[in-house]
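Peer 1: sequence plus predicted model, see below.
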Amino acid sequence: MKTKRFIYGLVIVTAFASCVSQTDYDKIKSENENLKIELENCQHGAEKLIASVEKAYSDKNYSEAKTNIGLLATKHPESQKNKEFAVLLKTIETIELEEQKRKEVEEKESVSSTYKCNFSEKTWLGVL
């Protein structure tokens, strides 16, 4: 009987001790939201995005540069760098087009050199 009382008492004390008041809960929830906003600003702040665009462009990682230019324009439309990066975006697209054309030409040359015939070559049938 004493053990049952002890167990019931322990359950009741644990139940009351584990409860959190609504004000404390709201305070923690508000702090959590503020920290999420602060983290978002750290990850996608204007200065961070500008630095990411410049680094990606210098590393010739054009897809990442384009992505970060878009993020900067969306999240920070007031940034002074948006006009500069609009020009840079056109430059990147031009570079990508030139690179694509160069690859197509190389591919065509590779295919044509693979199937190039030498008609003066001797074969077991004679000269071609």
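Peer 2: Yes, it's here.
Peer 1: buried residues, the helix of greatest length in the chain. List them.
Peer 2: Counting residues, the longest helix found in the chain (DSSP state H) is helix 81-114. Residues of helix 81-114 classed as buried by neighbour count (16 or more other CB atoms under 10 Å): 81-82, 85, 88-89, 92. Bear in mind the C-beta positions are built from the backbone N, C-alpha and C, glycine included.
Peer 1: pLDDT on that helix, on average?
Peer 2: The average pLDDT for helix 81-114 rounds to 88.
Peer 1: so which elements touch that helix?
Peer 2: helix 46-58, helix 62-75 (3 or more CB pairs under 8 Å, 6 or more residues apart in numbering; DSSP states H and E).
Peer 1: 6 Å instead, please
Peer 2: In terms of contacts (3 or more CB pairs under 6 Å, 6 or more residues apart in numbering; DSSP states H and E), helix 81-114 is packed against helix 62-75.
Peer 1: pull the residues that contact the helix it packs on.
Peer 2: 44, 49, 52-53, 56-57, 79, 82, 85, 89, 92, 96 (CB atoms under 6 Å, 6 or more residues apart in numbering).
Peer 1: next, give phi and psi for residue 79.
Peer 2: phi -60, psi 140 (degrees, to the nearest 10).
Peer 1: got a list of what it touches?
Peer 2: Contacts of residue 79 by CB under 6 Å, 6+ apart are 46, 72.
Peer 1: measure stretch 13-25 end to end?
Peer 2: By CA to CA, to the nearest Å, the extent of stretch 13-25 from end to end equals 20 Å.
Peer 1: quick one: average pLDDT of it?
Peer 2: Rounded mean pLDDT across stretch 13-25 is 76.
Peer 1: returning to that earlier point: need the contacts of helix 62-75 in JSON lines (columns: distance to residue 26).
Peer 2: Listed next are the contacts of helix 62-75 as JSON lines, based on distance: CB to CB, whole Å:
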{"residue": "44", "distance to residue 26": "27"}
{"residue": "49", "distance to residue 26": "33"}
{"residue": "52", "distance to residue 26": "36"}
{"residue": "53", "distance to residue 26": "39"}
{"residue": "56", "distance to residue 26": "41"}
{"residue": "57", "distance to residue 26": "45"}
{"residue": "79", "distance to residue 26": "35"}
{"residue": "82", "distance to residue 26": "38"}
{"residue": "85", "distance to residue 26": "41"}
{"residue": "89", "distance to residue 26": "44"}
{"residue": "92", "distance to residue 26": "47"}
{"residue": "96", "distance to residue 26": "50"}
